[in-house]
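Fold the following for me, if possible:
(one chain, ligands or ions: 1)
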Amino acid sequence: MSDDTTVRGDDRAHVFHSWSAQGLIDPLPIAGAAGSYFWDYSGKRYLDFASQLVNVNIGHQHPRLVAAIQEQAGILCTVAPTFANDKRGEAARLITELAPGDLNRVFFTNGGAEANENAIRMARLHTGRHKVLATYRSYHGATATAITATGDPRRWPNEPVAVGVVHFWGPYAYRSAFHATDEEQESQRALRHLRDTIVFEGPATIAAVLIETVVGTNGILVPPPGYLAGVRAICDEFGIVLIADEVMSGFGRCGEWFAVDRWGVRPDLITFAKGVNSGYLPLGGVIISDPIADTFRERPFPGGLTYSGHPLACASAVASIQIFKEEGIVEHARTIGEDVIGPALRDLAERHPSVGEVRGLGVFWALELVRDRETREPLVPYNASGADAAPMNAFAAACKERGLWPFTHFNRTHVVPPCTVSAEEVAEGMSILDEALTVADSYCR
Ligand SMILES: Cc1ncc(COP(=O)(O)O)c(C=O)c1O
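Below you'll find the predicted structure:
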């Protein structure tokens, strides 16, 4: 039996953690989890309003998903990607059946960064061009090209890594880069800016435009009306591959199988990970349209991974998709967002001066926290750390004390529970947020 002291001791002595100064962190040992909750060794329970890293879409320890993994472990744990395998093939078929249009093939990876890495590789080889356009407000993963494509500050200490990425501004009406006064204007001006960027970079040098369909960690930015269709049209005009990064927004998070479904837009490549199997095993991939797959019909694709299409991971994806369908989880995510989460957050906004904006869909919501609603001054500066980040740290601590695990980023808290969250659990979370927001309010001018 493990205990808090042993887990903490081994972790501090031997585990090297992501994105951290190793001496400044104190990771909480987790003893177990079920549904929308996880708990520590003292028995303290947390309502998981972060779905870990916005990936446990089916909830923790779903019994049927656990059983499917156990069953596959007894049949075949691993087989090289050179072979055909029943669960790999079935997972690819199910995923392509859900994907729009002619996206009929899947290249499996271990996660989201590798998916974007390989999507960009495909786009470059397909077009014979080298540049990739990506937005400033984005995260695409921590491997070489994916971190270069990333627009947020996690890129800075990694530079220079890859070449050929150009950043542009996506739409964000609340803090418009285009001085737009409404969503329609924001959409039109953001499209004009993208088109101008392409013209000045040289369309014949640009392989791909890479966008998060709904921007995740960098703000839950839901594209305004017409934007995605406009990006599709611009890509078509210049022969540019459109890559939709659905690593966070896909598989139920936006109340759709893929977020692009909400706007009826067909990308050339979709990257996925996280929600495909809720991270019960590492899995991601690229869904490939027929013309791009055809590029590699006679010509070898110069990329691969030992664990591409791992049978255990693929079996968990098959089971997860079946459970999603049978339990109506995508529909539940849509309706709980529209009927419960959205209205509850708008109610909080009415009572708390620190809430500048509420935005989102499905189980993918953000509260943008400000010091002043009129000026929209953020509660903490962009990329704040140390003393500058104190107000957000105090808000997060208030949530955790009360048994809610929040997802905070810069001056926002995201409300991103599992897609299976119940109305009662949402109500419990909202009452904790209500109390914790009084801490944020105390910093308002
Ligand atoms: C939109 C998006 N793309 C890519 C990634 C990278 O995925 P991974 O951490 O599995 O490499 C993430 C992870 O948070 C993400 O949110």
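
Is residue 105 within a helix or a strand, and which one?
Per DSSP states H and E: residue 105 is located in strand 103-109.

ignore the last one, residue 353
Judged by DSSP H and E, residue 353 forms part of no helix or strand.

still on that earlier bit, okay, buried residues for the strand holding residue 105 please.
For strand 103-109, the neighbour count (16 or more other CB atoms under 10 Å) marks 103, 105, 106, 107, 108, 109 as buried. Just so you know, the C-beta spots here come from the backbone N, C-alpha and C atoms, and that holds for glycine as well.

That one pairs with which strands, parallel or anti?
Next to strand 103-109 in the sheet, as set by DSSP bridges, lie strand 284-289 (antiparallel).

Can I get the strand it pairs with as CSV, trimmed to CA atoms?
Only the C-alpha atoms of strand 284-289 are listed here, as CSV (Å, rounded to 0.1, in the frame of the first residue of the first chain):
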residue,chain,number,x,y,z
GLY,A,284,-3.1,11.0,-30.4
GLY,A,285,-3.1,11.2,-34.1
VAL,A,286,-3.7,12.9,-37.4
ILE,A,287,-6.9,12.4,-39.5
ILE,A,288,-5.9,12.7,-43.1
SER,A,289,-7.9,13.8,-46.1
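
Give me the contact list for that strand.
Strand 284-289 has contacts (CB atoms under 8 Å, 6 or more residues apart in numbering) with 95-96, 99, 101-112, 114-115, 118-119, 122, 247, 266-274, 276.

Let's see which of the residues you listed end up in strands.
103, 104, 105, 106, 107, 108, 109, 269, 270, 271, 272 (DSSP state E).

avg pLDDT for the strand holding residue 105?
Averaging pLDDT along strand 103-109 gives 99.

what's the answer for stretch 194-213, then?
For stretch 194-213, the mean per-residue pLDDT is 98.

same question, stretch 247-258
The pLDDT scores in stretch 247-258 average 98.

on that earlier part again, out of the contacts of strand 284-289, which are close to the ligand?
Filtering these for proximity to the ligand by CB under 6 Å from any ligand atom leaves 111, 112, 247, 273.

how about those, which pair is most distant?
Comparing all pairs in these by CB to CB, the longest separation belongs to 111 and 247, at 8.1 Å.

Write out the residues of the protein neighbouring the ligand.
So far as CB under 6 Å from any ligand atom goes, the chain lies against the ligand at 53, 111-113, 116, 139-141, 212, 216-217, 245, 247-248, 273, 284.

Would you list the buried entries among those residues?
Buried, going by 16+ other CB under 10 Å: 111-113, 116, 139-141, 212, 216-217, 245, 247-248, 273, 284, out of the residues of the chain next to the ligand.

what's near enough to touch the nearest residue to residue 143 once chain neighbours are set aside?
Counting by CB to CB, 6 or more residues apart in numbering, the nearest residue to residue 143 once its immediate chain neighbours are dropped is residue 113, at 4.3 Å. Counting by CB under 8 Å, 6+ apart, residue 113 touches 140, 141, 142, 143, 146, 147.

Stretch 172-180 spans what distance, first to last residue?
Terminal residues of stretch 172-180 lie 9 Å apart, using CA to CA, to the nearest Å.

Mind listing what's buried along that stretch?
Result for stretch 172-180 [16+ other CB under 10 Å]: buried residues 172, 173, 176, 177, 178, 180.

burial of the nearest residue to the fourth one once chain neighbours are set aside, as a residue count?
Meaning residue 177. Distances taken as CB to CB, 6+ apart put residue 169 closest to residue 177, at 4.1 Å, once the chain neighbours are dropped. Residues lying near residue 169 (other CB atoms under 10 Å) number 17.

and residue 169, what are its phi and psi?
Per-residue torsions, residue 169: phi -90, psi 130 (degrees, to the nearest 10).

so where's the stretch 201-350 of the chain shaky on pLDDT?
Within the stretch 201-350 of the chain, no range satisfies pLDDT under 70.

dump the residue contacts of residue 96.
With CB under 8 Å, 6+ apart, residue 96 has these contacts: 103, 104, 105, 106, 287.

Pick the one among the residues you listed closest to residue 83.
Nearest member of those to residue 83, counting by CB to CB, is residue 106, at 15.9 Å.

And the lengthiest strand in the chain, what's buried?
With DSSP E setting the assignment, residue counts place strand 364-372 as the longest strand in the chain. Judged by neighbour count using 16+ other CB under 10 Å, the buried positions of strand 364-372 are 364, 365, 366, 367, 368, 369, 370, 371.

May I ask which two of the residues you listed are separated the most?
Greatest spatial distance among the buried residues of strand 364-372 (CB to CB): 364 and 371, at 25.2 Å.

For the residue of the stretch 101-250 of the chain found nearest the ligand, which residues are in contact?
Closest residue of the stretch 101-250 of the chain to the ligand, CB to the nearest ligand atom: residue 112 (2.3 Å). Neighbouring residues of residue 112 by CB under 8 Å, 6+ apart: 140, 141, 146, 245, 247, 248, 271, 272, 273, 274, 284.

which secondary structure element contains the closest residue to residue 406 other than its chain neighbours?
Excluding the flanking residues, the one nearest residue 406 by CB to CB, 6+ apart is residue 399, at 4.4 Å. Residue 399 is part of helix 390-401, with elements assigned from DSSP H and E.

Mind listing what's buried along that helix?
391, 392, 393, 395, 396, 398, 399.

go on, stretch 3-17?
Buried, per 16+ other CB under 10 Å, within stretch 3-17: residue 7.
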